[in-house]
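Colleague: Quick one, fold the following:
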Amino acid sequence: MDFKSLAIETITDPAAAADKILSHQFENDVIWTGFALNVVLSVFLYALQGFLLGMPSNALFPNLSPVMFGMFLVALQLAYSVGSLVVGNRLGGQARFMPIFSLLVWLRFVNIAIQFIAIIMVFVMAPLAAILNLVAAVYGIYVLAHFTNVGFGLNSLGKSLGVIFMAGLGAMVAVLFLMGLFVPTILETSNV
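Modeller: Here you go, the predicted structure:
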């Protein structure tokens, strides 16, 4: 599989890219390895941005160590995957966990590449980096809606947006719950 052309197709024709990923039927160990790699790369970018720019790379997880950021990122991604599966199937979709998870793992790799470009652009032209982040966030929802639509066979971008909203809300509640359980304990033990 040519990942460069797949990344371009993900941006230019997200529905076709999602079909291509699903038709490939990756083995479970490949998907879990990809998930682990995207968490490691995300943590690396979080730490790199903190080092180069003196600020955390994610407003949801301010001032967390890279390890804690990674733990909460894992929780958020898994909660979103499970939430989208529950909501998508309730809205008439037909999907299993691993195919949907493979789509989300791929989208995370594309997102990491865009984040890396944005970090580089901060040093070249900061306002352009801010615009790239904004456009990527808005267009990313469009791409995710197409991936969700294809993954569940919903035949409705409106239902896909409903899946994204409800699964995202559920994932945020789960992560905030985990932060409420673990962050105070971590802060107490670190004498902060």
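Colleague: show me where pLDDT drops low in this protein?
Modeller: For the chain, applying pLDDT under 70 flags the ranges 55-63, 182-192.
Colleague: residue ranges for the helices of it, please.
Modeller: Taking DSSP state H as the test, the helices found in the chain are 3-12, 14-24, 28-53, 66-90, 97-124, 126-152, 157-189.
Colleague: helices or strands up against the second one?
Modeller: In other words, helix 14-24. Under the contact criterion of 3 or more Cβ pairs under 8 Å, 6 or more residues apart in numbering; DSSP states H and E, helix 14-24 touches helix 3-12, helix 97-124, helix 126-152. Heads up, the C-betas are built off the backbone N, CA and C, glycines and all.
Colleague: residues in contact with that helix?
Modeller: Here helix 14-24 makes contact (Cβ atoms under 8 Å, 6 or more residues apart in numbering) with 1, 6, 9-10, 99, 102-103, 106, 142-143, 146-147, 149-151.
Colleague: What subset of these is buried?
Modeller: For the contacts of helix 14-24, a burial check counting by 16 or more other Cβ atoms under 10 Å picks out 6, 9-10, 99, 102-103, 106, 143, 146-147, 149-151.
Colleague: Just send these back as CSV, with distance to residue 23 too.
Modeller: Below are the buried ones among the contacts of helix 14-24 laid out as CSV (distance: Cβ to Cβ, whole Å):
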residue, distance to residue 23
6, 12
9, 13
10, 15
99, 10
102, 11
103, 12
106, 13
143, 18
146, 15
147, 14
149, 16
150, 11
151, 12
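Colleague: what separates the closest residue to residue 91 other than its chain neighbours from residue 19, distance-wise?
Modeller: Of all residues not flanking residue 91 in the chain, residue 159 sits nearest, at 4.9 Å (Cβ to Cβ, 6 or more residues apart in numbering). From residue 159 across to residue 19, the span is 18 Å (Cβ to Cβ, to the nearest Å).
Colleague: Please apply the same query to residue 166.
Modeller: Using Cβ to Cβ, residue 166 is found at 24 Å from residue 19.
Colleague: likewise residue 27?
Modeller: Distance, residue 27 to residue 19, using Cβ to Cβ: 19 Å.
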